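In: Build me a model from this:
(one chain, ligands or ions: 1)
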Amino acid sequence: MCGIVGYLGNRKAYPIIINGLKRLEYRGYDSAGLVVMEDDGFGLVKTKGKVSELEEKSKFLNNGSTLGVGHTRWATHGEPNDVNSHPHLSNDEQIVLVHNGIIENYDSLKTELIQKGFVFHSETDTEVLVNLIQYFKDKENLNLTEAVRYSLNEVVGAYAIAVMDKNDPDEIVVARLGSPLVIGIGDNEFFIASDASPFLEFTKEAFYLDDGEMATIRRDKDIDIRKIKDNLKVTHTVQELKINLEEIEKSGYEHFMLKEIYEQPKSIRDTMRGRLLVDEGIIKMAGIWDYQEKFLNAKRIIIVACGTSYHAGLIGEYLIEDLARIPVEVEYASEFRYRNPIINRKDVVIAISQSGETADTLAALKLAREKGAFIYGINNVVGSSIARITDAGSYTHAGPEIGVASTKAFTAQLTILSLIAIKLGKHNGNLSKERFNSLISELDNIPELVQKTLENTAEKVIEISEKYKNATNALYLGRGYNFPSALEGALKLKEISYIHAEGYPAAEMKHGPIALIDENMPVVIIAPRTGYYEKVVSNAMEIKARKGQIIAVVNTGDTELSKIADHVIEIPNSSEEFSPILAAIPLQLLSYYIAVKLGRNVDQPRNLAKSVTVE
Ligand code: F6R
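Out: Next comes the predicted model:
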């Protein structure tokens, strides 16, 4: 939700900011703006629309300025327009600020500031903060750092901010609470950003600011980091980032989403690397092993997550209950955090999140911790907020996921959940040695099967996407492990093609959704061979009897459902436990190609953002 970037050093700031904003655009893309410090003050341009539009309008700022900040927005307070775009200026035009997050008490602060004579031009919460800073600066005769600290102590909400003072061409002040902020350190130069992608070609040395911290970055000086609350000095160790530039580029693919779909054999392999040691017959996961007592004595495991990560959690429930016989509950993080849930010290709470920044998931986890549960994270982004507050966790190692629709992160999450379930099942004696060995060798072969699925299904999926691209509704059905696959398939279609779609357990169809079926309704049925395959075939017959169009995702060599279906997509045979990983591939491709054929902006679908750092 909004991306911020800033530079202070000896290079031109403008190109670094523009290119940085392009890389952060996945975080929000309804408007953008930037400010560079010029000899005679701020050079500021902001606009509704994408970073490319900002670039068009701001080219004249590509001067010698070596200090500046930029912002790409996902609107919260106030519609996307030029005025509401960031950066925001204080009334005296001396202070400029960019902000990612929400100031929850902005309304009462705004009322007080209006009473003191401040005037507001935008509908944003951010303009309140910049004026509060001016207010404290003037009233208490403070420098910028102190004024920012005073102001943030008045604020309730979440933020990552970068602030500049017109009278000081050598300083940026930054702060964070609940929204990410990383500081890159070069040779006498500093970069700030919501994630490290804007500065990877310049430096890999960086550190993440912690919640409740602020930093004053001055030209040719050490960074001064303080706790916002009590001004206590803090030090951070600079770390070497492991991400490469190639990982955040499209590498010849038309869209990041397609690249990420095709990366899955690798991302799943990377996620298993060093963990699944088939020759030694072990699964090595320090996060589970070091805390095995917590897991093995857990009364239950609660999984909290949102969106696609929630769907991975639902599959995790099947895996862990089936293989390790530990009770699992899966909850939308946004509901869990507000319903006064019963959590015990013997509960393990697992948060699944690609970004590791999702506000609801983070809050659910904090609540679980307060109530004494052991908290575990499954995250993709190294150093993210969730990863840093958990007691232990496992990174998915899928590499940066830039397309807004989650693909490779989902299958990597399923890989980690499979590893956890199999490992726990072995340690608590639910899996025999033979079953354990057979599951791990099968899992080890999944990247090859994913590769085959990509090779064997793409053409068929393109053909089907042509036929159904003008559908206005679609149903996705599945049972058991593949009921969440149906939910995920429907979500993928909705979010990037804007076609309404619903996922349902196949047997539930007759309790309502069957009323929707007619000759115009495509129904995607995910039905690999499992114990209840025959039941799904009966459900398919019911659809056919009502003239629904069936797209069947079945195992290679399927005969029964294939006879009834209008279109058949074959995925390789596997144990049911791993079938959602294989089924995900054609479903991702189907939504991708339909969206492309409809001319949608696949990587940046309307109204969405990659990292949802607001409630
Ligand atoms: C769907 C999608 C979203 C995210 C959700 C949670 O394709 O990307 O539904 O899955 O916003 O995000 P994370 O996993 O970052 O917590």
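
In: What average pLDDT does stretch 57-75 get?
Out: Computed over stretch 57-75, the mean pLDDT rounds to 94.

In: For the residue nearest to the spatial centre of the chain, which residues are in contact?
Out: Nearest residue to the geometric centre of the chain (CA atoms, centre = their mean): residue 355, 3.7 Å. Contacts here follow CB atoms under 8 Å, 6 or more residues apart in numbering; on that basis residue 355 touches 379-381, 384, 610-612. Where C-beta positions appear, they are placed from N, C-alpha and C, glycine not excepted.

In: sec struct for it, please.
Out: Counting by DSSP: H, G, I helix; E, B strand; the rest coil, the backbone at residue 355 sits in coil.

In: likewise residue 349?
Out: Secondary structure, three-state DSSP: residue 349 is strand.

In: Apart from its chain neighbours, what residue comes closest to whichever residue of the stretch 501-615 of the chain sits closest to the ligand?
Out: At 4.7 Å from the ligand, residue 612 is the closest residue in the stretch 501-615 of the chain, using CB to the nearest ligand atom. Among residues not flanking residue 612 along the chain, residue 358 sits closest, at 5.2 Å (CB to CB, 6 or more residues apart in numbering).

In: I'd like the distance between that neighbour and the ligand.
Out: Counting by CB to the nearest ligand atom, to the nearest Å, the separation of residue 358 from the ligand is 3 Å.

In: got the residues of the stretch 401-550 of the chain near the ligand?
Out: By the rule CB under 6 Å from any ligand atom, the part of the stretch 401-550 of the chain lying against the ligand is 405-406, 491, 495.

In: Let me have those residues in CSV, adding neighbour count as columns.
Out: Shown next, in CSV, are these (neighbours: other CB atoms under 10 Å):
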residue, neighbour count
405, 28
406, 28
491, 23
495, 23
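
In: for those, which one is nearest residue 207?
Out: Of all those, residue 207 sits closest to residue 406, with 27.2 Å by CB to CB.

In: Can you verify my assumption that that closest one contacts residue 306?
Out: No - judged on CB atoms under 8 Å, residue 406 makes no contact with residue 306 at a distance of 10.5 Å.

In: Assign a three-state SS to residue 454, would you?
Out: Secondary structure of residue 454, per three-state DSSP, is helix.

In: Show me the helices in the stretch 151-300 of the chain, by range?
Out: Using DSSP state H, counting those that start in this stretch, the helices of the stretch 151-300 of the chain run over residues 256-262, 264-272, 286-289, 292-296.

In: can you list contacts of the third one?
Out: It stands for helix 286-289. Helix 286-289 is contacted by residues 295, 376, 392-394, 420, 423-424 when judged by CB under 8 Å, 6+ apart.

In: which of the contacts of residue 355 count as buried?
Out: Buried members of the contacts of residue 355, counted by 16 or more other CB atoms under 10 Å: 379-381, 384, 610-612.

In: of all those residues, which comes closest to residue 414?
Out: For the buried ones among the contacts of residue 355, the nearest to residue 414 is residue 380 (12.7 Å; CB to CB).

In: Let's see which of the residues of the stretch 401-550 of the chain next to the ligand end up in strands.
Out: Judged by DSSP state E, strands contain none of those.

In: Any chance of TSV for those, columns distance to residue 558 and pLDDT?
Out: Below are these laid out as TSV (distance: CB to CB, whole Å; pLDDT from 0 to 100):
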residue	distance to residue 558	pLDDT
405	28	97
406	28	98
491	25	98
495	29	97
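
In: ok, of those, which one's closest to residue 84?
Out: Using CB to CB, these come closest to residue 84 at residue 495, 24.3 Å.

In: Residue 607 is in contact with the closest one, correct?
Out: No - contact criterion CB under 8 Å: residue 495 and residue 607 do not qualify, at 9.2 Å.

In: Residue 377 pairs with what?
Out: Beta-bridge pairing for residue 377 (DSSP bridges): residue 351, residue 393.

In: From residue 395, how far off is it?
Out: For residue 377, the distance to residue 395 (CB to CB, to the nearest Å) stands at 9 Å.

In: could you list every residue that touches the spatially closest residue to residue 403 that is not a sequence neighbour?
Out: The spatially closest residue to residue 403, leaving aside those adjacent along the chain, is residue 257, at 3.4 Å (CB to CB, 6+ apart). Contact analysis of residue 257 by CB under 8 Å, 6+ apart lists 403-405, 407, 496, 588, 592, 602-603.

In: So which residues of the stretch 301-450 of the chain form helices?
Out: For the stretch 301-450 of the chain, applying DSSP H, counting those that start in this stretch gives helices covering 307-324, 333-336, 359-370, 385-389, 408-427, 433-444, 446-468.

In: Could you say which of the ones you listed is packed most deeply?
Out: helix 408-427 (a mean of 26; mean count of other CB atoms under 10 Å).

In: what's the spacing between the closest residue to residue 270 other than its chain neighbours and residue 271?
Out: The shortest distance from residue 270 to any non-neighbouring residue, by CB to CB, 6+ apart, is to residue 397 (4.4 Å). Noted for residue 397: a distance of 5 Å to residue 271, by CB to CB.

In: Same check on residue 216?
Out: Distance from residue 216 to residue 271, by CB to CB: 39 Å.

In: Same check on residue 132?
Out: 44 Å.
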